[in-house]
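Here is a sequence with its predicted model. Questions after.
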Amino acid sequence: QVQLVESGGGLVQAGGSLRLSCAASGFTFSSYVMGWFRQAPGKEREFVAAIRWSSGSTYSADSVKGRFTISRDNAKNTMYLQMTSLKPEDTAVYYCAARPAAIMVVTTPRLWNDWGQGTQVTVSS
């Protein structure tokens, strides 16, 4: 079965950086897309970024473009989210997710099949 395990969250000051990792297993990577979502207290889960495993094509939410970079390491079956210039509004639980690739990037959380347990990111002002 699909297993997704996030790591790398923590507490950082505004303007700082963090790198999240998601170790994945249990599916055919070449036919999947993986993504990052986040959920702040009292808010709905929202799309952050996604990457097509086969091509490496990436997609990011406007709110993080230019600050967050999604990438993957084929040899390690691991996806990353490098976050820079962090802001207090980036504070949330960050989730790794996976689903079979579609023609268009799917940003609706309920349409993603598998999820990690989440990792907390807290940005202090």
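Yes, it's here. No experiment lies behind these values; they were computed from the predicted model shown. Residues are numbered from 1 along each chain as shown.

centroid residue for this protein?
In the chain, the residue lying closest to the centroid (CA atoms, centre = their mean) is residue 36, at 1.9 Å.

And the residue of the chain positioned farthest from its centre, how close does it get to residue 82?
For the chain, the residue at maximal distance from the C-alpha centroid (CA atoms, centre = their mean) is residue 125, at 22.8 Å. With distances taken as CB to CB, to the nearest Å, residue 125 is found 21 Å from residue 82. Every residue, glycine included, has its C-beta placed from N, CA and C.

Ok, residue 24 next?
Per CB to CB, residue 24 is found 17 Å from residue 82.

out of those two, which sits in the more crowded spot?
Under the criterion of other CB atoms under 10 Å, the comparison of residue 24 against residue 82 puts residue 24 first, with 22 against 14.

contacting residues for the residue nearest to the centre of the chain?
20, 22, 48-50, 70, 79, 81, 94-97 (CB atoms under 8 Å, 6 or more residues apart in numbering).

Separate out the buried members of these.
Listed as buried from the contacts of residue 36 are 20, 22, 48-50, 70, 79, 81, 94-97; burial here means 16 or more other CB atoms under 10 Å.

Just send those back as JSON lines, with secondary structure and pLDDT too.
As requested, the buried ones among the contacts of residue 36 are exported to JSON lines (DSSP: H, G, I helix; E, B strand; the rest coil; pLDDT from 0 to 100):
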{"residue": "20", "secondary structure": "strand", "pLDDT": "98"}
{"residue": "22", "secondary structure": "strand", "pLDDT": "98"}
{"residue": "48", "secondary structure": "strand", "pLDDT": "98"}
{"residue": "49", "secondary structure": "strand", "pLDDT": "98"}
{"residue": "50", "secondary structure": "strand", "pLDDT": "98"}
{"residue": "70", "secondary structure": "strand", "pLDDT": "98"}
{"residue": "79", "secondary structure": "strand", "pLDDT": "97"}
{"residue": "81", "secondary structure": "strand", "pLDDT": "98"}
{"residue": "94", "secondary structure": "strand", "pLDDT": "98"}
{"residue": "95", "secondary structure": "strand", "pLDDT": "98"}
{"residue": "96", "secondary structure": "strand", "pLDDT": "98"}
{"residue": "97", "secondary structure": "strand", "pLDDT": "98"}
